[in-house]
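Asker: This is the structure alone, sequence omitted:
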């Protein structure tokens, strides 16, 4: 097993007034040659968006985009005619494929919104664009990992799906819980992002908003040192041949 701790202070930042952004990987004007991507995970942005503000209409193509609200909600509009609001407890996926235009605005005129947005490289190019969202009951599945995204060909109908051999799990855990994450596909790696709390992994402490990468393993043990909210992203580590 090979591992690496990515502390929250290593992330890039941007302050646009209406947007407070933290970049786990190179993005926009932030470039770190040592942090361009983790396997097929290209973007993990941790954003706080002011009331009534957001991202105006802009294009994407050939990317799987996943949005996870942490507080509040975002109203999504796109060139396919979708208009939906995704809120805490829900997850949104969008396959940009051959090309799509969309906007994402804070759904509230009075409260800030906090979101995670991930971009994952697809395993095929120029697919027909698509949009989906789904709610997940994390509290009633407390102290276990909930599969929120999986590959299309391995989806059991309970999770959203994307065009990549990637799996995303969210979990809300009490303190002093120990559990294992078993890799789903050999040669995949995981990028664990700690939304809240404190963990111990392989004797190393992971604090809130830190990330922990691991490759070349079959199973990894994770212990919560305090109440924690955890996102685990399993992705292929290289492009298809």
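Answerer: It's in. On a predicted model such as this, the values are computed, not experimentally measured, just so you know.
Asker: remind me which residues of the chain are low pLDDT?
Answerer: 240-241 (pLDDT under 70).
Asker: Which residues are in contact with the residue lying closest to residue 133 once chain neighbours are set aside?
Answerer: Excluding the flanking residues, the one nearest residue 133 by C-beta to C-beta, 6 or more residues apart in numbering is residue 92, at 4.3 Å. Just so you know, the C-beta spots here come from the backbone N, C-alpha and C atoms, and that holds for glycine as well. Contacts for residue 92 (C-beta atoms under 8 Å, 6 or more residues apart in numbering) come out as 66, 67, 68, 74, 76, 84, 86, 131, 132, 133.
Asker: does the residue positioned nearest the centre of the chain sit in a helix, a strand or a coil?
Answerer: Centroid-nearest residue in the chain, with C-alpha atoms, centre = their mean: residue 118, separated by 4.4 Å. Recorded secondary structure, residue 118: strand (DSSP: H, G, I helix; E, B strand; the rest coil).
Asker: Now do the same contact list for it.
Answerer: Applying C-beta under 8 Å, 6+ apart, we find residue 118 in contact with 41, 43, 44, 45, 65, 66, 67, 68, 168, 233.
Asker: what bridges to it?
Answerer: Going by DSSP bridges, residue 118 is paired in beta bridges with residue 44, residue 66.
Asker: Ok, residue 93 next?
Answerer: Beta-bridge partners of residue 93, as defined by DSSP bridges: residue 66, residue 132.
Asker: what sits against residue 98?
Answerer: 61, 62, 126, 127, 128, 129 are the contacts of residue 98 under C-beta under 8 Å, 6+ apart.
Asker: just those now: which is nearest residue 32?
Answerer: The closest of the contacts of residue 98 to residue 32 turns out to be residue 62 (C-beta to C-beta; 23.0 Å).
Asker: and the closest one, that's in a strand?
Answerer: No. Under three-state DSSP, residue 62 sits outside any strand and is assigned coil.
Asker: State the distance from the nearest residue to it once chain neighbours are set aside to residue 162.
Answerer: Nearest non-adjacent residue to residue 62, counting by C-beta to C-beta, 6+ apart: residue 125, 5.4 Å away. Using C-beta to C-beta, to the nearest Å, one gets 14 Å for the distance from residue 125 to residue 162.
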